[in-house]
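**Student:** Starting from these lines, generate the structure:
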Amino acid sequence: MQPRLQIHFWGRQWHSFHFFGVIGFILATLLGLFLAWLTGRSAGVILLMSGSGLLSFLGLAYLWKILSGNENLVYYQHEISILIFCTVVLFIIGRPILPYLDITIQGIGLFLVFGRFGCFSVGCCHGKPYKTGVSYSKQHAKTGFPNYLVGVNLFPIQLVESFLVLVIVFGGIAILFRDFPAGTVIIWHTVCYGFARFILEYFRGDPERPYWKGFSEAQWTSFALIEFSMIAAYFGLLPQYGQHIAAGLILTLYMIGSPFLHKLLLGRNVNQAFTPRHLHELLTMLDETTNDHNGHAEDGEASNVRVFNSSQGVSISLGKSTLPGQDVYFYTVSFNFPKSFTGTDKGVENVALFLREVRHQQTRLEIIKRSNNIYHLVYTKFFNKDTPTN
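**Tutor:** Just a heads-up that it's a prediction; the model follows:
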């Protein structure tokens, strides 16, 4: 499955990301009008919220482009800015805030459903390499998709997120059909999407997002929004539910306990060594080896071996031997971790499988463990197509 960058519609050609964005905005506005009719709210105010949301979205996008020089759309940033902007507008015009924000967050959710289709079509926010899934072409690479992932099967995480958000939107509609206090839909969306996004981050493979203490920016934002909504509920700004408090406490315990257990049992946070950003760094270094760029390389004992040291204390080298009937690619991976560190085996297996999916598909893989956190990854490609791989 390979998405198209262009979509032909109404006799003209659209960039697929923009196409799905426009469709999402139109349908989100229509959903808002329907929910306004359903709940007895003003359609005019909903249109004002829609325009305010669009103005906030475009304004933030252009601001980031001016500041960074690149177009960078981060969903959580836009969700927060739209809700703040709409809250200010509702306060100025003297309308009840929570009932209209319940409808606004539904529109934001539906917009995200189609926005993730746009991400899927161009390859942004992509998943990790997987046995089957979506692959992207060189045309996608020209628009910013990583070259080293061209033709590699990736888990379609964008579609999974789109489906989950659609379920959350339908749940919000069901809440509006019933006599729940205003603000309940905001809590529903914040908690459900926050938990879903927190989990989905582990399946994301794009390296652009920053990490801190082993968690991505989106995971920290999910945590912060859930905790903020709990505080708002405590002070009576939002309705309070036991399930809401339980969800917040569960996520808090996980956020606190996960890094502590890694540090206690493994000597350091293993997550940092195997994030998409670090794997991207390793592959970039290996590409420099392949292209004979010596910026970070040191000659090994063999003339065709280069050794690189990553920012997370991982050293990796690559060599190749051609034998009768087969090509053998061999990597040596070592970790500058404490001797007591016991968590590398699974991490090395993940790196090895990642390298095979990206670099050496249809090869036999062997992982050889040595002392002092040194591992040999051996990929053997047989010229006989009937040779099995593990």
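
**Student:** Next up, the contacts around the residue nearest to the spatial centre of the chain.
**Tutor:** When CA atoms, centre = their mean is applied to the chain, the residue found nearest the centroid is Arg204 (4.1 Å). Arg204 makes contact with Cys125, His126, Gly127, Lys128, Ile157, Ser216, Pro276 under the criterion CB atoms under 8 Å, 6 or more residues apart in numbering. Where you see a C-beta, it was placed from the backbone N, CA and C, and this is true even at glycine.

**Student:** For those, which single residue is the most surrounded?
**Tutor:** His126 (27 neighbours; other CB atoms under 10 Å).

**Student:** surely it meets Asn153?
**Tutor:** No. In this structure His126 lies outside contact range of Asn153 using CB atoms under 8 Å: 10.9 Å.

**Student:** Give me the common contacts of the two.
**Tutor:** What both His126 and Asn153 touch, as defined by CB under 8 Å, 6+ apart, is the set Val134.

**Student:** returning to what we had before: who does the residue nearest to the centre of the chain form a beta bridge with?
**Tutor:** Gly127 (DSSP bridges).

**Student:** do you know how far it is from Leu159?
**Tutor:** 13 Å (CB to CB, to the nearest Å).

**Student:** ranges for the helices of this protein?
**Tutor:** Here the chain has its helices, by DSSP state H, at 16-39, 43-68, 75-93, 97-122, 138-142, 157-177, 184-200, 217-234, 242-266, 276-290, 344-358.

**Student:** Could you export those helices as JSON lines, including mean pLDDT?
**Tutor:** Below are the helices of the chain laid out as JSON lines (pLDDT from 0 to 100):
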{"stretch": "helix 16-39", "mean pLDDT": "94"}
{"stretch": "helix 43-68", "mean pLDDT": "89"}
{"stretch": "helix 75-93", "mean pLDDT": "94"}
{"stretch": "helix 97-122", "mean pLDDT": "95"}
{"stretch": "helix 138-142", "mean pLDDT": "87"}
{"stretch": "helix 157-177", "mean pLDDT": "96"}
{"stretch": "helix 184-200", "mean pLDDT": "95"}
{"stretch": "helix 217-234", "mean pLDDT": "94"}
{"stretch": "helix 242-266", "mean pLDDT": "78"}
{"stretch": "helix 276-290", "mean pLDDT": "72"}
{"stretch": "helix 344-358", "mean pLDDT": "74"}
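
**Student:** Give me whichever of those is most buried.
**Tutor:** helix 97-122 (a mean of 24; mean count of other CB atoms under 10 Å).

**Student:** Which strands or helices does that helix pack on?
**Tutor:** Helix 97-122 makes packing contacts with helix 16-39, helix 43-68, helix 75-93, helix 157-177, helix 184-200 when contacts are defined by 3 or more CB pairs under 8 Å, 6 or more residues apart in numbering; DSSP states H and E.

**Student:** tell me the angle it makes with helix 157-177.
**Tutor:** 160 degrees (axes from the mean of the first three to the mean of the last three CA atoms, to 10 degrees).

**Student:** Taking helix 16-39 as reference, get the angle to helix 97-122.
**Tutor:** Using the same axes, to 10 degrees: helix 97-122 against helix 16-39 is 150 degrees.

**Student:** circling back to that earlier point, from Gln158, how far out is the residue nearest to the centre of the chain?
**Tutor:** In terms of CB to CB, Arg204 sits 9 Å off from Gln158.

**Student:** for Gly44, same thing?
**Tutor:** 34 Å.

**Student:** Ok, His244 next?
**Tutor:** From His244 to Gln158 the distance is 28 Å (CB to CB).

**Student:** same thing with Leu282?
**Tutor:** 24 Å.

**Student:** what do you get for Pro210?
**Tutor:** 20 Å.

**Student:** Over to Trp220?
**Tutor:** Using CB to CB, Trp220 is found at 21 Å from Gln158.

**Student:** Any chance of the helices and strands packed on helix 97-122 in JSON lines with distance to Gln106 as columns?
**Tutor:** Listed next are those as JSON lines, based on distance: least, CB to CB, whole Å:
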{"stretch": "helix 16-39", "distance to Gln106": "6"}
{"stretch": "helix 43-68", "distance to Gln106": "11"}
{"stretch": "helix 75-93", "distance to Gln106": "12"}
{"stretch": "helix 157-177", "distance to Gln106": "5"}
{"stretch": "helix 184-200", "distance to Gln106": "7"}
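
**Student:** Please name whichever of the ones you listed is nearest to Phe330.
**Tutor:** helix 157-177 (31.5 Å; CB to CB).

**Student:** what's that closest one packed up against?
**Tutor:** By 3+ CB pairs under 8 Å, 6+ apart, helix 157-177 packs against helix 16-39, helix 97-122, helix 184-200.

**Student:** now the shortest one, how far from the centre of its chain.
**Tutor:** In other words, helix 184-200. Distance of helix 184-200 from the chain centroid (CA atoms, centre = their mean, to the nearest Å) equals 15 Å.

**Student:** before we move on, what about stretch 173-193?
**Tutor:** 25 Å.

**Student:** Pull up the distance across that stretch, start to finish.
**Tutor:** 15 Å (CA to CA, to the nearest Å).

**Student:** Can you read off the backbone torsions of Arg4?
**Tutor:** phi -100, psi 140 (degrees, to the nearest 10).

**Student:** which ones are touching it?
**Tutor:** Ser16, Ser121.

**Student:** cutoff 10 Å now
**Tutor:** Contact analysis of Arg4 by CB atoms under 10 Å, 6 or more residues apart in numbering lists Ser16, Ser121, Val122, Ser137, Gln139, His140.

**Student:** Tell me how far the third one lies from His140.
**Tutor:** In this structure, Val122 and His140 are 7 Å apart, going by CB to CB.

**Student:** what is in contact with those two at once?
**Tutor:** In contact with both Val122 and His140: Pro3, Arg4, Leu5, using CB under 10 Å, 6+ apart.

**Student:** Just the closest of the residues you listed to Lys320, please.
**Tutor:** Using CB to CB, Pro3 is the member of these that sits closest to Lys320, with 33.2 Å.
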